[in-house]
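**Student:** I need the structure of the sequence given here:
(one chain, ligands or ions: 2)
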Amino acid sequence: MIGKGMSYGALSVINAVSTGKGAAFGIDLKTEATVQLISEPEFTVEIDGHPTESVSLARFSVEEVLQRYPNAGMNGAVIRTTSNIPISQGLKSSSSAANAIISATAAALGVTIDPLEIGRIGATAAIRAGVSITGAFDDACACQLGGLVFTDNSNRELLLRRPMPEGYTAVIHIPPFQIRKTTFPSEKMREMREMVAAAYDLAVEGDVFSAMYVNGRCTCEAIGITPETADRALSCGAAAAGLSGTGPATGILVPDEGLDEFLDRFGRENVLLANIRNGV
Ligand SMILES: Nc1ncnc2c1ncn2[C@@H]1O[C@H](COP(=O)(O)OP(=O)(O)OP(=O)(O)O)[C@@H](O)[C@H]1O
Ligand SMILES: O=C(O)C1=C[C@@H](O)[C@@H](O)[C@H](O)C1
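**Tutor:** Ligands and ions are numbered 1, 2, ... in the order given. You can find the predicted model right below:
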């Protein structure tokens, strides 16, 4: 029983660690997964190009699905993933991987799982694996559905989904270090709940670009880094910029017609380009 699944990446507007509510939008970075189910209770995981990354999320994602289909008689799996999403940078590699693996497991079982349920199962697996604080249901929805989503991660509910503005390219600045969830200062982030809640309201009202910046500044302060990259991006012609997720990558939105000039000024090093994905 073999199945294939895929999911995309996302960038943050609001980090849900402060208040439990988050917002994120889809981009076209991509993860593909193949899952072969076996009857023996054994798991083999290959994360293409990342032989030392933890395989717990992949295993728990399959286990969570198998627990819901006990009559299938499947107890283990051979899992392979391939992705162009940098890991532990705030770019939703874990949510994308969980979505893709859960979809592949469902395909192997010959069942269909609703996209929101895929996100809920992934949130459970991510918390079990220690790669998420709230379950990151916002990220899972943005990766799976595309568009701009607002979610209540505490209750794993999708509150609102609408398209992102057209005509912008996502420029992602990737510093040469990672931030793992186990070292993220969640308590400091929660101390900024009022400011983050105000940014969330701004985004709901339609000012997504300001919300990204304010949220990013708050997350930078919690981590103890300066928002220098976002500030520099704005001074080089970006329409929006802010630290994504728990960082350290910065998501930057640049008007398509000004992209070359922006890159000439901002620099092309440590930069990844992606398209916004508004989904169907
Ligand atoms: N392609 C993949 N296949 C399987 N597991 C993956 C894959 N990518 C990431 N993971 C799992 O997710 C972990 C990284 O999770 P982490 O939350 O640190 O990063 P992230 O999801 O990129 O960040 P953020 O949630 O802030 O966007 C990896 O250690 C690995 O266990
Ligand atoms: O680990 C988590 O729960 C989260 C991580 C970041 O990606 C955030 O952007 C997200 O809102 C929540």
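**Student:** For the rest of this, base every contact and every neighbour count on C-alpha atoms.
**Tutor:** Will do.
**Student:** The helix or strand harbouring A58 and ligand 2 in contact?
**Tutor:** Taking DSSP states H and E as the definition, A58 sits inside helix 56-68. No: residues of helix 56-68 contacting ligand 2 under Cα under 6 Å from any ligand atom: none, with a closest distance of 13.0 Å.
**Student:** quick one: low-confidence parts of the stretch 101-250 of the chain?
**Tutor:** Residues of the stretch 101-250 of the chain meeting the criterion pLDDT under 70: none.
**Student:** show me where it has helices.
**Tutor:** 115-129, 137-145, 186-190, 193-205, 208-223, 228-235 (DSSP state H, counting those that start in this stretch).
**Student:** Contact partners for the most centrally placed residue in the chain?
**Tutor:** Nearest to the geometric centre of the chain sits K92, at 2.3 Å (Cα atoms, centre = their mean). Shown in contact with K92 (Cα atoms under 8 Å, 6 or more residues apart in numbering): 9-11, 85, 139-140, 143, 245.
**Student:** Return only those of the residues you listed found close to ligand 1.
**Tutor:** Checked against ligand 1 using Cα under 6 Å from any ligand atom, those yield the following neighbours: G245.
**Student:** Enumerate every residue touching A10.
**Tutor:** Here A10 is in contact with 24-29, 91-92, 139, 142-143, 146 (Cα under 8 Å, 6+ apart).
**Student:** Just the buried residues of the residues you listed.
**Tutor:** Neighbour counting by 16 or more other Cα atoms under 10 Å classes 24-29, 91-92, 139, 142-143, 146 among the contacts of A10 as buried.
**Student:** wait, which of those residues is closest to R193?
**Tutor:** Here the nearest of those to R193, counting by Cα to Cα, is A24; it sits at 17.4 Å.
**Student:** Show the pLDDT at the closest one.
**Tutor:** At A24, the model reports a pLDDT of 98.
**Student:** Could you measure from it over to L259?
**Tutor:** Distance check for A24 against L259: by Cα to Cα, to the nearest Å, it reads 22 Å.
**Student:** And for Y8?
**Tutor:** For Y8, the distance to L259 (Cα to Cα) stands at 23 Å.
**Student:** Repeat that for L202.
**Tutor:** 26 Å.
**Student:** Quick check: next helix or strand after the helix or strand hosting I27?
**Tutor:** With elements taken from DSSP H and E, the one containing I27 is strand 21-38. For strand 21-38, the succeeding helix or strand toward the C-terminus, using DSSP H and E, is strand 43-47.
**Student:** now that following strand, how far from the centre of its chain.
**Tutor:** On the basis of Cα atoms, centre = their mean, to the nearest Å, strand 43-47 sits 21 Å off its chain's mean C-alpha point.
**Student:** Show me what it is packed up against.
**Tutor:** helix 56-68, strand 76-83 (3 or more Cα pairs under 8 Å, 6 or more residues apart in numbering; DSSP states H and E).
**Student:** Need the phi and psi values for the residue nearest to the centre of the chain.
**Tutor:** phi 70, psi 30 (degrees, to the nearest 10).
**Student:** Against ligand 1, how distant is it?
**Tutor:** Distance, K92 to ligand 1, by Cα to the nearest ligand atom, to the nearest Å: 3 Å.
**Student:** Begin at 42, not 1, for the rest of this chat.
**Tutor:** Noted, 42 is the first residue going forward, which turns the last one into K133.
**Student:** how much space between that residue and S173?
**Tutor:** Counting by Cα to Cα - K133 and S173 are separated by 10 Å.
**Student:** Quick check: neighbours shared by these two?
**Tutor:** Joint contacts of K133 and S173 (Cα under 8 Å, 6+ apart) do not exist.
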